[in-house]
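Q: sharing a model prediction with you, sequence too.
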Amino acid sequence: MSLSRRHFSQQLLAAAAAGGLAVPSWAAGYNKGKPVRLLVGFPPGGGTDVIARLLAEKMKDSLGTSVVVENKPGAGGQIAAQILKASPADGATFFVTHDHTISILPQVVKSPGFDPHADFVPVAGFASFVNALAVSEGLGVRTFEAYLQWLKKQGGKSAVGIPAPASTPEFLVRVLNQRFKTDLVSVPYRGSAPMLADMMGNQIPAGIGSVQDFIESHKAGKVRVLAVLGGKRQQALPDVPTFSELGLPGLEDMPYYGVYAAAGTPPDMVQAVSEAVAKAVAAPDVQQQLVGMGLSVGYITPEQLLARERAYSAVWTRIIRDSGFQPQ
């Protein structure tokens, strides 16, 4: 816990002991020991699901109650977001998600069924990551340049899997087409897990998703990561170049992971869960696993998460507009 948050907690408890405030529920067991659920908008086995389960295991100790992960896959996290909006603001339901649902969906869907600024409150940010282009090992290419040569033999036409329609990976496909004069077609899946399964089964030659979706299969020789977004090479994949190195600048801004609550959730509950997330990602074993998945790990406050969200949205607003995409 940072000094400022520790000071906040100490002040709150001291005031409560002096009779100035009621003792917050989390002081004696968060929300009177009622279970907490973490919504995940993608199927089991994907990167977001794995991350949420790592958090849940640590958070239960901090909160003094059970923390369960509930997968509500579909529409790039839209279903889970709508469930959060409809949930009581009682501190029992939170949403673990990444940039797509919060920063991208509201720009590409006319009626997403939620407004992240009006319906949610940020709780904690805990990691950033990069998207990557990977190919099936059966394709037999080892570098991005070799992939372009393979595409040339196909007349520039090929399919690229993406974990959700109108997602950052889909817009990256459009950017690749513009830059390298290819004719790649996005094939949307319901999450990264089924996309990766098809890649490993040589059902689709390539896919774009987060590094954490690909890294274990890359290390096992089942897929090959050819390029990553971001301003520098990833610690977990030091031999894989960035798109900037390959002549495609402007994609250095990194997506983020965060935890959100329904608007109106009591501030002391938001604070408690934010602190629980901070403790979880500070645990050495959790850090080791998250870094091994290709994440850059670091807790940020609700205010910092909101600023991060808005900055990322601004970058992709330009990219989406320039792509000619029309909200569906």
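A: The structure has been received and is ready for your questions.

Q: quick one, strands of the stretch 151-300 of the chain?
A: 157-162, 183-188, 206-210, 223-228, 256-262, 296-300 (DSSP state E, counting those that start in this stretch).

Q: residues near V281, how many?
A: By the criterion of other CB atoms under 10 Å, V281 has 22 neighbours. The C-beta positions use only the backbone N, C-alpha and C, and glycine is treated the same way.

Q: go on, E309?
A: E309: 21 neighbours (other CB under 10 Å).

Q: let me know the pLDDT of it.
A: E309 is assigned 93 on the pLDDT scale.

Q: I'd say it and G258 touch.
A: Yes - with contact defined as CB atoms under 8 Å, E309 counts as touching G258 (7.3 Å).

Q: and for these two, which residues touch both?
A: 102, 122 (CB atoms under 8 Å, 6 or more residues apart in numbering).

Q: nearest residue to Q328 other than its sequence neighbours?
A: V109 (6.2 Å; CB to CB, 6 or more residues apart in numbering).

Q: the one you found against I320, yeah?
A: No - here V109 does not reach I320: they are 11.7 Å apart, not a contact under CB under 8 Å.

Q: more neighbours, these two?
A: I320 (21 against 17).

Q: need the three-state assignment for that one.
A: helix (DSSP: H, G, I helix; E, B strand; the rest coil).

Q: list the residues that contact it.
A: 104, 107-108, 171.

Q: so where do the helices sit in the stretch 101-250 of the chain?
A: Using DSSP state H, counting those that start in this stretch, the helices assigned to the stretch 101-250 of the chain run over residues 105-108, 116-119, 144-153, 168-180, 192-200, 211-219.

Q: mind listing what the residue nearest to Q328 touches?
A: 78, 166, 327-328.

Q: what is the neighbour count of the spatially closest residue to N202 that is not a sequence neighbour?
A: Among residues not flanking N202 along the chain, G138 sits closest, at 4.0 Å (CB to CB, 6+ apart). Residues within reach of G138, counting by other CB under 10 Å, total 13.

Q: can you pull the pLDDT of S296?
A: Per-residue confidence at S296 stands at 89 (pLDDT).

Q: surely it touches S128?
A: Yes - counting by CB under 8 Å, S296 touches S128, with 4.8 Å between them.

Q: quick check: neighbours shared by these two?
A: Common neighbours of S296 and S128 (CB under 8 Å, 6+ apart) are M254.

Q: among these two, which residue is more densely surrounded?
A: Using other CB under 10 Å as the criterion, S296 and S128 rank with S128 on top: 20 against 15.

Q: contacting residues around the most centrally placed residue in the chain?
A: The chain has H98 as the residue nearest its centroid, 2.7 Å off, counting by CA atoms, centre = their mean. Applying CB under 8 Å, 6+ apart to H98 gives the contacts 48, 77, 129, 210, 255-258.

Q: any stretches of the chain with poor pLDDT?
A: Filtered on pLDDT under 70, the chain yields the residue ranges 1-29.

Q: export the strands of the stretch 151-300 of the chain to CSV and tack on distance to L55?
A: Below are the strands of the stretch 151-300 of the chain laid out as CSV (distance: least, CB to CB, whole Å):
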stretch, distance to L55
strand 157-162, 25
strand 183-188, 27
strand 206-210, 16
strand 223-228, 24
strand 256-262, 8
strand 296-300, 11
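
Q: and of these, who's closest to A146?
A: Proximity to A146 (CB to CB) singles out strand 223-228 among these, at 8.3 Å.

Q: just want the angle from that closest one to helix 211-219.
A: Counting by axes from the mean of the first three to the mean of the last three CA atoms, to 10 degrees, strand 223-228 lies at 130 degrees to helix 211-219.

Q: strand 223-228 packs against which elements?
A: Other elements packing on strand 223-228 under the criterion 3 or more CB pairs under 8 Å, 6 or more residues apart in numbering; DSSP states H and E are strand 131-136, helix 144-153, helix 192-200, helix 211-219.

Q: other SSEs contacting the shortest one?
A: In terms of contact count using 3+ CB pairs under 8 Å, 6+ apart, strand 131-136 is assigned the packing partners helix 144-153, helix 168-180, helix 192-200, strand 206-210, helix 211-219, strand 223-228.

Q: picking up where we left off before, buried deepest among the strands of the stretch 151-300 of the chain, which one?
A: Mean neighbour count (mean count of other CB atoms under 10 Å) peaks for strand 206-210 among the strands of the stretch 151-300 of the chain, with a mean of 27.

Q: paired strands for it, with orientation please.
A: strand 131-136 (antiparallel), strand 157-162 (parallel) (DSSP bridges).

Q: how about those strands in TSV, adding distance to P266?
A: Formatted as TSV, the strands paired with strand 206-210 follow (distance: least, CB to CB, whole Å):
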stretch	distance to P266
strand 131-136	35
strand 157-162	38
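
Q: this completes my enquiry, with thanks.
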